[in-house]
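Participant: here is a sequence together with a model predicted from it:
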Number of protein chains: 2
Amino acid sequence: MTEKDGIGIGIIGLGVIAGQVARVLCDKQTELAGQAGCQIILRKIKVLPEDLGRSLAQEIGIQLFTTEADVFFSEPGMDIVVEAIGGEHPALEYLTRAICSGRHVVTSNKEVIAKHGYDLLDLAYRNGVTIRYEASVGGGIPLISRFRHDLVANRIEGIYAIINGTTNYILTRMAEENAEFSVALAKAQELGYAEANPGNDIEGIDAGYKLAILASLAFHTRIRPEDIYREGISRLCSRDFQYARELGLAIKLLAIAKENKGAVEVRVHPVCISQESLLAKVDGVYNAVLVKGDLVGNVLFFGQGAGPLPTSSAVIADVVSAAQDVRTGVPKSKWNLDEECAIKSISDIETRFYIRLNIADRPGVLAQIAGVLGDRNISISSAIQKLADRAAQTAEIVIITHPAMERSMQSALEDLAHLTDVMEVNNFIRVEALS
Amino acid sequence: MTEKDGIGIGIIGLGVIAGQVARVLCDKQTELAGQAGCQIILRKIKVLPEDLGRSLAQEIGIQLFTTEADVFFSEPGMDIVVEAIGGEHPALEYLTRAICSGRHVVTSNKEVIAKHGYDLLDLAYRNGVTIRYEASVGGGIPLISRFRHDLVANRIEGIYAIINGTTNYILTRMAEENAEFSVALAKAQELGYAEANPGNDIEGIDAGYKLAILASLAFHTRIRPEDIYREGISRLCSRDFQYARELGLAIKLLAIAKENKGAVEVRVHPVCISQESLLAKVDGVYNAVLVKGDLVGNVLFFGQGAGPLPTSSAVIADVVSAAQDVRTGVPKSKWNLDEECAIKSISDIETRFYIRLNIADRPGVLAQIAGVLGDRNISISSAIQKLADRAAQTAEIVIITHPAMERSMQSALEDLAHLTDVMEVNNFIRVEALS
């Protein structure tokens, strides 16, 4: 405790996030002191050797920098450690060391929190410090503390989230410009919204980490990234967007978590939602999270889910809160976990479905399809049929079903593929009602 | 401090909000204890004599009730007082008494906070307790603590808020059904969304209270309800909605606060906004608040702005936070106020304008109008002209201007009304760009 001289901060990393955090701590020193009720002083920054030459290092003051973890962690008067290097290792080791040496920690690292959050929270509890990770989900959108504070009186019924800006940008382009996936991805890469190796984003891994964090908080349980059913966006075609539009639907990559009678479903996959829902209007790299609570009803949080400025906003807010902890002591409440709850298998989940089929343009085909679906108690809500290829006498049909079990639909899709008059099952997308 | 026996709560009132809060405190006792890390125990409820006969009083346990303020305030082990009677008096006196007797307080009372929040915060500071009022703005939408915590690193540049459900419901009906104001108001009254005496809502008084609270927090200054420029919605006509729609605009009652170089503008009035903006999609009784911060960019919070369930969600969250204060002590930071900043007069504000005029259907009229506007450096961005009355040879014209000073526009409107060929200036609405 060094309150009389101010609260000391150490930062690990000098990437875009860490650099921006350091800059804000320096530039807004007076304002932050006013908000925190005490000086917040940057004491040490742990960087890689190659960072030392960067102009930012000169700007902040080279005497604050070290490349040695031992030097960093032996800095006196460093009450709070900000970890902003990302990735699992060595971030996990640094966070562990910071906690064990009695520092409060702030991190923007979704992977570490999704994989090791529970153990880190427990470690922090045993060491009498706090761990804050608002920036790990949704960048600058205030989300994490909503579950721990504002929504605390609610039983959370569901979360529906657009929490990956890269995929939302790609899907927005596909919807607005009838672009195919590969073209939209290339554009996203050109603009720096997608990485050269985009798998983490387009396969829903990033969204899965974030959903694991949100669902664990919402349901007071431990959801691991591997508990989450995932499908990416690469199998979507521009014609799916055209059909969806005709049917009053938009296609988004949603991270969904629901709880019902002690069983939780957690999944990340493309979803058709009504064009009238607010989530359908969330375009480009923006993020939005819709939360349903038993008291609060629907609440939605919208904003920039990434980028150095919004993310630094969340990190600094956590630093100011941690500074309060340093001053007043940490509430001695353990993270409250219910027993681990059952995770539903995707097969046991009920949704509506969009299916797109290539069929022979012959009388009676729709009756055959309806028969296959009907055998499994799946009924058709609406259908559009279009002549696809006059020469080949084939047509394309899109069907929206009433709610049905995933298991039944998968079995129906298999049988549909074997019908003589069905050339191909082109795509299927789950349809989600949001209100 | 009675931690060992749990934290004691007293409630003042047994209206819809207070009743729901009492019910949640009883029904969710176990869950709330888990979240707060200690029992939260309802100790006393101060009601009016007529409340004693209500079935809720029997349900909760009549021994908890008193009609005597002296009995209520002498209850031992009552750490937190929840005030939910609304209105200025006697709520202010009860809050003052609670604070002076060393209780933390939680209130949903926008009028008291808007008018006396500064003094109450100061009083609470001097008595070593906290005052929380999340439920005073936006019902269950987490808003208040966003400014004090999550957005703390930001300079807030602007707030654009739909924070009155009654008026938003009326405007939604006018937009969707071409209904006139009086018809939509009657419908709102029938459904219980508007009161028999609707002035507080439709004249923007309620929204003004809420804006005073939000702007004071956002700009760290003291904004009084009387600082806010207000116009209600009763002069809007269904044809304004039709023209707006043709121009790609929606009409909403917005509460707006902006800060620029130490001068603040705070105003509540009907505004034309782009149909593409998220605020334009906020329909019915829902509320939404868009905040622009220098780091975070645009963030938007959406949800139910009123109603017993959402409001109780916010009150209970405040109670749980106050319980933490009881356990760990209150951070000794005073509410940080900058010097009072200058409030801009409405005349000094620059926006674009929508103006609707009834004119003679004669050549040269538009030139005359453009001349009057041009004399004040107001240029026209777009215009729609329609034949209004063939027999009378009059037409209606709607003009959207480029940004202009309110002062110039008011003077232009006066001159336009005096032009021989202008029969009437039917309406004018400010146009706001949100991104």
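Facilitator: Okay, I see it.
Participant: now do the contacts for A:Q20.
Facilitator: Applying CB atoms under 8 Å, 6 or more residues apart in numbering or on different chains, one finds that A:Q20 lies in contact with A:P308, A:L309, A:T311, A:S312. (Glycine included, C-beta is placed from N, CA and C.)
Participant: try it again at 7 Å.
Facilitator: A:P308, A:L309, A:S312 (CB atoms under 7 Å, 6 or more residues apart in numbering or on different chains).
Participant: ok, so of the residues you listed, who is nearest A:V82?
Facilitator: Using CB to CB, A:S312 comes nearest to A:V82 of the contacts of A:Q20, at 10.0 Å.
Participant: and stretch A:281-289, does that touch chain B?
Facilitator: Yes - using CB under 7 Å from any CB of the partner chain, stretch A:281-289 reaches chain B at A:K281.
Participant: need the contact partners of that stretch.
Facilitator: So stretch A:281-289 is in contact with A:138-139, A:141, A:143, A:159, A:161-163, A:165, A:168-169, A:172, A:193, A:279, A:300-306, B:278, B:281, going by CB under 7 Å, 6+ apart.
Participant: just the ones of these in strands?
Facilitator: A:I159, A:A161, A:I162, A:L300, A:F301, A:F302, A:G303, A:Q304 (DSSP state E).
Participant: quick one on the thing from earlier: out of the contacts of A:Q20, which is most surrounded?
Facilitator: In terms of neighbours by other CB atoms under 10 Å in any protein chain shown, those top out with A:S312 at 30 neighbours.
Participant: and that residue, how far from A:G53?
Facilitator: Per CB to CB, to the nearest Å, A:S312 is found 22 Å from A:G53.
Participant: same thing with A:L357?
Facilitator: A:L357 is 59 Å from A:G53, by CB to CB.
Participant: between those two, which one's more packed in?
Facilitator: Each of A:L357 and A:G53 has its neighbours counted (other CB under 10 Å); A:L357 has more, 25 against 9.
Participant: tell me the contacts of the more buried one?
Facilitator: A:I397, A:L416, A:V422, A:E424, A:V425, A:N426.
Participant: for A:A188, grab phi and psi.
Facilitator: phi -60, psi -40 (degrees, to the nearest 10).
Participant: correct me, but it touches A:N168?
Facilitator: No - assessed by CB atoms under 7 Å, A:A188 is found out of contact with A:N168, at 10.0 Å.
Participant: now, which of the contacts of A:Q20 sits nearest chain B?
Facilitator: Among the contacts of A:Q20, A:L309 lies closest to chain B (CB to the nearest CB), at 4.6 Å.
Participant: re the thing from before, just the ones of the contacts of A:Q20 in helices?
Facilitator: Taking DSSP state H, the ones among the contacts of A:Q20 that sit in helices are A:P308, A:L309, A:S312.
Participant: show the pLDDT at the spatially closest residue to the last one that is not a sequence neighbour.
Facilitator: The spatial neighbour of A:S312 that comes closest, neighbours along the chain excluded (CB to CB, 6 or more residues apart in numbering or on different chains), is A:Q20 at 4.1 Å. Taken from the predicted model, the pLDDT recorded for A:Q20 is 96.
Participant: what's the answer for the one 4 residues further on, then?
Facilitator: Each residue has a pLDDT score; the one for A:V24 is 96.
Participant: secondary structure element for it?
Facilitator: Assessed by DSSP states H and E, A:V24 sits inside helix A:16-27.
Participant: which other helices and strands contact whichever helix or strand comes after that helix?
Facilitator: Next helix or strand after helix A:16-27 toward the C-terminus (DSSP H and E): helix A:29-36. Here helix A:29-36 touches helix A:308-328, going by 3 or more CB pairs under 7 Å, 6 or more residues apart in numbering or on different chains; DSSP states H and E.
Participant: try 8 Å
Facilitator: strand A:40-46, helix A:308-328 (3 or more CB pairs under 8 Å, 6 or more residues apart in numbering or on different chains; DSSP states H and E).
Participant: what number of residues lie near the residue in the stretch 1-150 of chain A positioned nearest to chain B?
Facilitator: Of all residues in the stretch 1-150 of chain A, the one sitting closest to chain B is A:G37 (2.9 Å; CB to the nearest CB). A:G37: 17 surrounding residues under other CB under 10 Å.
Participant: the strands in the stretch 1-150 of chain A, which residues?
Facilitator: Remark: strands assigned in the stretch 1-150 of chain A by DSSP state E, counting those that start in this stretch are A:7-12, A:40-46, A:65-66, A:80-83, A:104-107, A:131-132.
Participant: mind checking how far the longest one is from the chain centre?
Facilitator: Distance of strand A:40-46 from its chain centroid, counting by CA atoms, centre = their mean, to the nearest Å, is 30 Å.
Participant: let me see the mean pLDDT of that strand.
Facilitator: pLDDT averaged over strand A:40-46 gives 97.
Participant: go on, the last one?
Facilitator: Averaging pLDDT along strand A:131-132 yields 96.
Participant: name the helices or strands packed onto that strand?
Facilitator: Strand A:131-132 packs on strand A:104-107, helix A:110-127, helix A:308-328, going by 3+ CB pairs under 8 Å, 6+ apart.
Participant: following the longest one, which helix or strand comes up?
Facilitator: Spelled out, that is helix A:308-328. That would be, after helix A:308-328 and using DSSP H and E, strand A:342-343.
Participant: so what are the sheet partners of that following strand and their directions?
Facilitator: strand A:263-274 (parallel) (DSSP bridges).
Participant: what comes up buried for the partner strand?
Facilitator: The neighbour-count check on strand A:263-274 (16 or more other CB atoms under 10 Å in any protein chain shown) flags A:V264, A:E265, A:V266, A:R267, A:V268, A:H269, A:P270, A:V271, A:C272, A:I273, A:S274 as buried.
Participant: chain center to that strand, what's the gap?
Facilitator: 12 Å.
Participant: who are the neighbours in contact with A:C237?
Facilitator: Going by CB under 8 Å, 6+ apart, the list of residues near A:C237 reads A:E180, A:F181, A:N426, A:N427.
Participant: thinking again about what came up before, if you compare the helices and strands packed on strand A:131-132, which one is most tucked away?
Facilitator: strand A:104-107 (a mean of 28; mean count of other CB atoms under 10 Å in any protein chain shown).
Participant: sheet partners, orientation included, of that strand?
Facilitator: Its sheet considered, strand A:104-107 pairs with strand A:80-83 (parallel), strand A:131-132 (parallel) by DSSP bridges.
Participant: ok, back up a step: look up how far B:L151 lies from the residue of the stretch 1-150 of chain A closest to chain B.
Facilitator: For A:G37, the distance to B:L151 - CB to CB - is 17 Å.
Participant: and if you look at A:A179?
Facilitator: 36 Å.
Participant: kindly report the domain assignment for chain A.
Facilitator: Domain assignment of chain A by automatic domain parsing yields the ranges A:3-140+A:308-328, A:148-304, A:348-431.
Participant: right, and these - which one's nearest B:I251?
Facilitator: Nearest of the domains of chain A (CB to CB): domain A:148-304, 18.1 Å.
Participant: ok so, going back, quick one: which of A:A179 and B:L151 has more around it?
Facilitator: B:L151 (25 against 18).
Participant: show me the contacts for the more buried one.
Facilitator: B:L151 sits next to A:P142, A:S313, A:A317, B:V291, B:G293, B:V296, B:V299 when contact means CB under 8 Å, 6+ apart.
Participant: for it, what are phi and psi?
Facilitator: Backbone geometry at B:L151, expressed as degrees, to the nearest 10, gives phi -100, psi 20.
Participant: any low-confidence regions in chain A?
Facilitator: Flagging of chain A using pLDDT under 70 yields the residue ranges A:1-4, A:330-339, A:435.
Participant: ok, 50 please
Facilitator: The model of chain A has pLDDT under 50 over residues A:1-3.
Participant: and A:E432, what does it touch?
Facilitator: Counted by CB under 8 Å, 6+ apart, A:E432 has contacts A:Y160, A:L254, A:I256, A:V271, A:C272, A:I273, A:T351, A:R352.
Participant: in the stretch 151-300 of chain A, which spans are helices?
Facilitator: Applying DSSP state H, counting those that start in this stretch to the stretch 151-300 of chain A gives helices spanning A:165-177, A:181-190, A:199-202, A:205-219, A:238-246.
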